[in-house]
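In: let's see this in three dimensions:
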Amino acid sequence: QVQLVESGGGSVQAGGFLKLSCAASGYTYSSYCMSWFRQAPGKEREGVASIDSNGSTTYADSVKGRFTISKDNAKRTLYLQMNSLTPDDTAMYYCAASSRGCFFASANYDYWGQGTQVTVSS
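Out: Down below sits the predicted model:
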């Protein structure tokens with residue numbers, strides 16, 4: 001069965017960094033768009049970064065220049081390097097896979113992980 005398993009979340013101080021990973025199994029990983037979403041308490045889920053099957057990337061304005069999405073097709077693993085973290089980055093982070101294009105629209109995504117919590121203190 002399809003599985004997306006995130007790891008790497010934790011608690012850091014503002015200005016710190018974390019690297020999230022998402023291990024995928026059970027589907028044709030390399031042909032899907034892979035994205036990171038996040039959801040903070042009381043807020044809607046938002047797209048953070050995406051990478052398509054060709055390696056082209058897209059970022060939300062709020063994370064441009066600070067976050068880097070990458071993937072290793074051989075390892076079937078998606079990554080999100082997060083630098084210069086601020087308290088506004090505090091959220092549950094989810095990885096997701098889409099066969100319907102690489103847009104930040106949750107409805108496009110076929111598979112979701114369970115999430116990993118990121119907490120940034122000031």
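In: CA only for contacts and neighbour counts going forward, please
Out: Will do.
In: find me the pLDDT at G26, would you?
Out: What the model reports as pLDDT for G26 is 86.
In: list the contacts for it?
Out: Q1, V2, Q3 (C-alpha atoms under 8 Å, 6 or more residues apart in numbering).
In: could you pull up phi and psi at the closest residue to the last one other than its chain neighbours?
Out: Put plainly, it is Q3. Nearest residue to Q3 in three dimensions, chain neighbours excluded: S25, at 5.2 Å (C-alpha to C-alpha, 6 or more residues apart in numbering). The phi and psi values for S25, taken as degrees, to the nearest 10, are phi -150, psi 160.
In: S25 - how many residues pack around it?
Out: 14 (other C-alpha atoms under 10 Å).
In: which stretches in the protein count as helices?
Out: Remark: helices of the chain are absent; assignment by DSSP state H.
In: give me the pLDDT for the spatially most central residue of the chain.
Out: What sits nearest the mean C-alpha location of the chain, by C-alpha atoms, centre = their mean, is W36, with 2.1 Å. At W36, the predicted lDDT confidence score is 98.
In: the one 5 residues further on too?
Out: With respect to pLDDT, P41 scores 92.
In: give the contact list for the closest residue in space to it that isn't next to it in sequence.
Out: Sequence neighbours aside, A91 is the residue nearest to P41 in space, at 7.2 Å (criterion: C-alpha to C-alpha, 6+ apart). The contact partners of A91, by C-alpha under 8 Å, 6+ apart, come to R38, Q39, A40, P41, Q117, V118, T119.
In: can we see that at 7 Å?
Out: R38, Q39, A40, Q117, V118, T119 (C-alpha atoms under 7 Å, 6 or more residues apart in numbering).
In: I51 - nearest residue in space that isn't next to it in sequence?
Out: T57 (4.4 Å).
In: cool, D72 as well?
Out: L78 (6.5 Å).
In: burial count for that neighbour?
Out: L78 has 26 nearby residues by other C-alpha under 10 Å.
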